[in-house]
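A.B. asks: Need a 3D model of the following:
(4 chains, ligands or ions: 4)
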Amino acid sequence: MDIAAYDPLNETPYQILDAQGKVILDHWEQSLSDSELIEAFKNMLFVRQFDTMAISYQRQGRMYTYPPNLGQEALSVASGSVLQKTDWMVPSVREMGAWYMKGVSLKELFLYYRGHEIAQRFEQANRIMPITVPIASQIPHAAGVGYGIKFHGEKAVVLTFIGDGGTSEGDFHEALNFAAVWKVPLITVIQNNHYAISLPVHKQTASKTLAAKSLSYGMPGIRVDGNDYIAMHEVLSGSIDYARQGNGPVLIEALTYRRGAHTTSDDPKKYRTQEEEQEWEPKDPVNRLRSFLVHKNIWNPDEEAELIEGYRKEIDTQFLEAEQYPPHSLDDVFAYMFSELPPELEAQKQEYQDYLNATAQEPQK
Amino acid sequence: MDIAAYDPLNETPYQILDAQGKVILDHWEQSLSDSELIEAFKNMLFVRQFDTMAISYQRQGRMYTYPPNLGQEALSVASGSVLQKTDWMVPSVREMGAWYMKGVSLKELFLYYRGHEIAQRFEQANRIMPITVPIASQIPHAAGVGYGIKFHGEKAVVLTFIGDGGTSEGDFHEALNFAAVWKVPLITVIQNNHYAISLPVHKQTASKTLAAKSLSYGMPGIRVDGNDYIAMHEVLSGSIDYARQGNGPVLIEALTYRRGAHTTSDDPKKYRTQEEEQEWEPKDPVNRLRSFLVHKNIWNPDEEAELIEGYRKEIDTQFLEAEQYPPHSLDDVFAYMFSELPPELEAQKQEYQDYLNATAQEPQK
Amino acid sequence: MKNMTMVQAINNALEIVLTENEKVVLYGEDVGVEGGVFRVSAGLQEKFGEKRVFDSPLAESGIAGTAVGMAATGLKPIIEMQFSGFSYHAFHQIINQVSRIRNRSRGRHTAPIVIRMPYGGGIKAPEHHSESMEVLYAAIPGLKVVIPSTPHDAKGLLIDAVRGEDPVVFMEPKRLYRSVKQEIQEEEYSIPIGKASVVQEGSDITLISYGASMKEARKASDTAQKKGISVELIDIRSIYPLDRSTIGESVRKTGRVLVVHEGPESYGPGAEVLTTVIDEAFLYLEAPPRRLSGFDTIAPYPQGEEWYIHTPERIVYELQRLVEY
Amino acid sequence: MKNMTMVQAINNALEIVLTENEKVVLYGEDVGVEGGVFRVSAGLQEKFGEKRVFDSPLAESGIAGTAVGMAATGLKPIIEMQFSGFSYHAFHQIINQVSRIRNRSRGRHTAPIVIRMPYGGGIKAPEHHSESMEVLYAAIPGLKVVIPSTPHDAKGLLIDAVRGEDPVVFMEPKRLYRSVKQEIQEEEYSIPIGKASVVQEGSDITLISYGASMKEARKASDTAQKKGISVELIDIRSIYPLDRSTIGESVRKTGRVLVVHEGPESYGPGAEVLTTVIDEAFLYLEAPPRRLSGFDTIAPYPQGEEWYIHTPERIVYELQRLVEY
Ligand SMILES: Cc1ncc(C[n+]2csc(CCOP(=O)(O)OP(=O)(O)O)c2C)c(N)n1
Ligand SMILES: Cc1ncc(C[n+]2csc(CCOP(=O)(O)OP(=O)(O)O)c2C)c(N)n1
Ligand SMILES: [Mg+2]
Ligand SMILES: [Mg+2]
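C.D. replies: Ligands and ions are numbered 1, 2, ... in the order given. Got it, this is the predicted structure:
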């Protein structure tokens, strides 16, 4: 698709499937193969299963704060699927499907939410930055990665994420401006899930669409139904082609809805109605893609239970591995501050060790 | 004029007078009286005279760094003329005509550029914030003033300025977003003088126009010829009406050209051609308004020399007053840090005073 | 009197200042409808309306910067940084604007904004939710920096901050938000910023701390007392200005001093306290004044926190060493 | 050997690192075509091309943040903050990102960015162009902070910074940019970050300073010497890490110490230096260790500067008082 041809001010999102999984475009040609779609659907189920279990581990006190992904799976799985190995990903905080598909292991994710710093080595994943908690700070990084890609003469692209709330931060603005001036191959996906914790998006900005923010930087912008896997995939592919060909950055606003709480410490009842939550239920991305596949007769929903049972086992195995991972040691606190320990850190560590020794506590490695 | 009707993406600026001072619109009605236009023209001459003399004082070593205004006078005088007494102004750094018309005295301006802090009390000016040097930092202040105006139920507006370079800063983005969400009566004038020190605006942003940045915030935006006093005045009046009626903020991009150096320490030859500078000469705002007035037979350019001689005297008198102002005392360094001196500052001042006393240097007040 | 947590005490203080001064506005991320992520402002929007207690877009520099403008129009903004770790997004507005408006305008304008922010570790939170970098604000000329350690002090100091005419960075030790309750007066009262509190008098050694670390300092002081060490425990409460005379007086009496805080050691607040000790009591010192602080590291994620936050036992150990010096 | 100002020495260092490492990129506001507002990068864009030496839009957080991403792809960014007073716009990127990437990714990624910025007063510049707030960077875990005081050191330390694997905040004393010349080697050499320089040995008192204040410290040391006071003059050069052993060794010898710096006193670098003195040499002290710093005020505009920047006479006066203590 020709991304640059879309009007970022258009409030009607780009969409292929309606809520019932029916194609709404007249002359639509399926660009993904059936097996790709089935694969995508399975990934969405997997992400959802992970999410459910993560929340339950957290409830059991076996994990710390976790940000649920429920309802946003199409977006993150589509994002994970469009990248090539040499492409970069710069995460935000709520697109675990994309990270997973980039090579981040479940064990690492669990370690992260269990408060273990080793998590973010992302040992098996290449060309992915660690998760950065301060909202929008990752966007300048992504623009810089884009510069690096160009500098090295690679044909790669960099894909980054941000929330609707994140678009209000200065870093969003500064970074997209840099990206456009430098014409770097950056695709920024705004996950407009309609809330920033308690703040609804219409109080976040008076802009007609979030895609419109692209006009500030002179880059293409497009609003897409982020709960429509197929539309999302097309828009991402089009954007990546555009960027890969050296045309510069693209801004995607993907409409979705955070069906769960902001994090496991949050209670959405304080700031939104049940009616609103129910309105979004039928637009759920999993149901929508399932309906499409079922209509096409290429998916039998009866098989899902067994599939999910398999996922459950896999996820639980990885969780147990994370749980059994050796705890953070004193060394771990100091090890990655500098390339070599400066005298201050050396002394501080030694002093602590001396104290442990003196009080006959077990010495630490 | 109906500000909200303009397309901020339109690259052709709103314009009334061509470079020869001829009206280019077909059905234009003069909204300003002849005497108002003459008054405006005199103010522009006055500002230009101030500017010339300021540069020369600086060259004589009687003033520190100064940012020339040459070529941007229409914009600043028009801005100064549209505000009512109860309206607020939040300065940037290069619109001295506007400050002056708001009540800032020349003596204070000279004190400022002579490095004396007393300058920014702006003793006779009401509802104007001090000049803040860090680029774009004033825009959030202006948005906050707008909130205050609304809070207090006043019918006032707040007018602020920023350069083309300043639009790249995060604060520009954050503040305009706040202003639009809160629907405050804020008019932001971007002085697009085509340079941020050495950086030309096309390397500052890839946006089609700077006015287009308004679309990010859902507010009207308009590009105007900032060297055309009459167009500038119409756009400002229209914007202020719009804001004063409670419709929210407006973004104005005023096209102009910084004909002089960035500051008295800068040398534009390093980064731009003489051809370019010459291209802008005929678009000069003073010449343009003069031509219009002369065509209309309401201005006799022969009178200018005498007028300017009067200005020269007035300006020099004020400069001499500034020069004779008592120097910054030790007390002055401490006096305005807090509402009362905390013990630390008390002790530091006393210690210094003791040192001066001990070494028999003249004690300070 | 009412038994209150620190969260309740602060909420109570906010209600009082919102009631007594109609120019007070309270805003920040999730401060309004939600009542703050820690529920510190719970119920206040309902009580005072959306005009006075409201949510802002997600932009810290915007929050601090707009407060400067509001203050210029006569409002008295109390703003919240959701966590101190995100206050750096507003850092340039705080250091270049909030702290300087009075000086820049030679008193014509002031920006007596109160900037509230939870700080410190101990709640097993993600990165950036656990650090203690108060020194970054203490080092900025033109700001007052206050950190309470009890519900009583939190209320009294916050009310003083809001009534005052200077900008105040008010840092709230989030691990003490709900972990202790205290009987406090529901009516208004204030505690002047700039005065330390001598929590307990003693003669062998001065133990100086503030904020979150006061929890361990109190325990340590009790234990040491039982071991026969007479500890004078000082909660400095106000990081800037620092109550140097109270510190000096105490150390001139005890001759020994240990300062305990949570943030990094190098260029941390402990250095200023010890320098004060030298200035005020050098000739009275019977042992080298000493600091016990966090490491010069990132505040660790939950699993590393146990290494980072000093236990009462560690404090007692150091007290003993100093007394035996 | 060639006679160079500090500006020339830094320019020379930049040319050397750009030549020896093709991954080095240099950017910031007006750094490219203009060669920097102080001409520090003059001629480098012409020599190395726009891909490696370039101008950025006017946005400091954008500059620092993009450098993090570039570093992840293997580039070695040297960025410029036009004045240290504007570096706070990038503060959250520096404290939350640059300093933490290595730790956050457990060594998978690093951000060994060199952040250059002119700092300090004495050039009669407008507000925000004269301050010395190095302590704000020194207090951040994960950063090295370097401040040279001579052309020779500026070159050697900058080359070491760029060759190193850690993020370095490199602060350049702008009033020394052109005020002294020194014969230095045009070829590459480096000076390891973390080592203080004993500028002059002496036995009566240790005078510690760095950066811009070294100018007055040198003069004061000479004058004191003539008055019969044997001054050991130390230029610490590296604010973090701090060469505590050199400081300790010196004070153990002299028993007296004065630290001089330009920025505010409270919570300033002087406090850390004095705390180091206590840690290292408490029992050797013959007089209270003392600091002479700027006031806890905004760095004054040009007309107030004379009150703010200490003269060599004032330093001599304090040296004398301490020696006579
Ligand atoms: C700079 C910064 N400020 C505040 C926070 C606290 N915070 C965490 S998530 C969040 C809301 C984010 O909303 P959005 O960008 O829409 O993403 P979502 O959580 O909806 O995925 C806030 C305010 C933060 N992490 N970083
Ligand atoms: C935050 C910040 N960064 C850098 C500077 C240094 N500086 C002063 S003026 C200027 C360029 C401003 O350009 P523009 O906004 O176009 O305004 P103009 O000078 O053209 O009027 C710069 C970079 C500053 N004052 N503040
Ligand atoms: Mg959201
Ligand atoms: Mg400009």
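A.B. asks: C-alpha only now, for contacts and for neighbours.
C.D. replies: Noted.
A.B. asks: Quick check: mean pLDDT of stretch C:46-54?
C.D. replies: Averaging pLDDT along stretch C:46-54 yields 98.
A.B. asks: which outside residues touch it?
C.D. replies: B:151, C:18, C:24-28, C:31-33, C:44-45 (Cα atoms under 8 Å, 6 or more residues apart in numbering or on different chains).
A.B. asks: Among the residues you listed, which ones are in strands?
C.D. replies: C:24-28 (DSSP state E).
A.B. asks: for the chain, what are the low-confidence residue spans?
C.D. replies: Using chain A. A:361-365 (pLDDT under 70).
A.B. asks: look at chain C instead
C.D. replies: For chain C, no range has pLDDT under 70.
A.B. asks: residues in contact with whichever residue of the stretch 51-200 of chain C sits closest to ligand 2?
C.D. replies: Per Cα to the nearest ligand atom, C:H92 is where the stretch 51-200 of chain C lies closest to ligand 2, at 8.7 Å. Residues near C:H92 by Cα under 8 Å, 6+ apart: C:61, D:86, D:88-89, D:91.
A.B. asks: Where do the helices of chain C begin and end?
C.D. replies: Listed in chain order, the helices of chain C (DSSP state H) span residues C:6-20, C:44-48, C:60-72, C:91-93, C:101-104, C:134-138, C:151-163, C:214-226, C:244-254, C:269-281, C:305-308, C:312-323.
A.B. asks: same question, the stretch 151-300 of chain A
C.D. replies: Under the criterion DSSP state H, counting those that start in this stretch, the stretch 151-300 of chain A contains helices at A:170-182, A:201-204, A:229-244, A:274-280, A:285-295.
A.B. asks: any idea of the angle the first one forms with helix B:170-182?
C.D. replies: So the one you mean is helix A:170-182. Put simply, helix A:170-182 runs at 120 degrees to helix B:170-182, going by axes from the mean of the first three to the mean of the last three Cα atoms, to 10 degrees.
A.B. asks: packing partners for helix A:170-182?
C.D. replies: Other helices and strands packing on helix A:170-182, by 3 or more Cα pairs under 8 Å, 6 or more residues apart in numbering or on different chains; DSSP states H and E, are helix A:138-151, helix B:170-182, helix D:60-72.
A.B. asks: Kindly present these as a markdown table, with separate columns for mean neighbour count.
C.D. replies: Compiled in a markdown table, these are given as follows (neighbours: other Cα atoms under 10 Å in any protein chain shown):
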| stretch | mean neighbour count |
| --- | --- |
| helix A:138-151 | 29 |
| helix B:170-182 | 28 |
| helix D:60-72 | 30 |
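A.B. asks: okay, these in CSV with distance to A:E321 next?
C.D. replies: Listed next are the helices and strands packed on helix A:170-182 as CSV, based on distance: least, Cα to Cα, whole Å:
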stretch, distance to A:E321
helix A:138-151, 29
helix B:170-182, 43
helix D:60-72, 29
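A.B. asks: residue of the stretch 151-300 of chain C with the smallest distance to ligand 4?
C.D. replies: C:P167 (32.5 Å; Cα to the ion).
A.B. asks: who are the neighbours in contact with that residue?
C.D. replies: C:98-99, C:111-115, C:142-144, C:161.
A.B. asks: With C:I94 as the reference, measure out to it.
C.D. replies: To C:I94, C:P167 is 9 Å away according to Cα to Cα, to the nearest Å.
A.B. asks: Likewise for C:E15?
C.D. replies: As judged by Cα to Cα, C:E15 and C:I94 stand 25 Å apart.
A.B. asks: mind giving me the domain ranges of chain C?
C.D. replies: C:2-184, C:197-323 (automatic domain parsing).
A.B. asks: hmm, stretch A:194-203 touching chain B?
C.D. replies: Yes - counting by Cα under 8 Å from any Cα of the partner chain, contacts between stretch A:194-203 and chain B involve A:K203.
A.B. asks: So for D:H128, which of the domains of chain C sits nearest?
C.D. replies: Ranking those by proximity to D:H128 (Cα to Cα) places domain C:2-184 first, at 7.7 Å.
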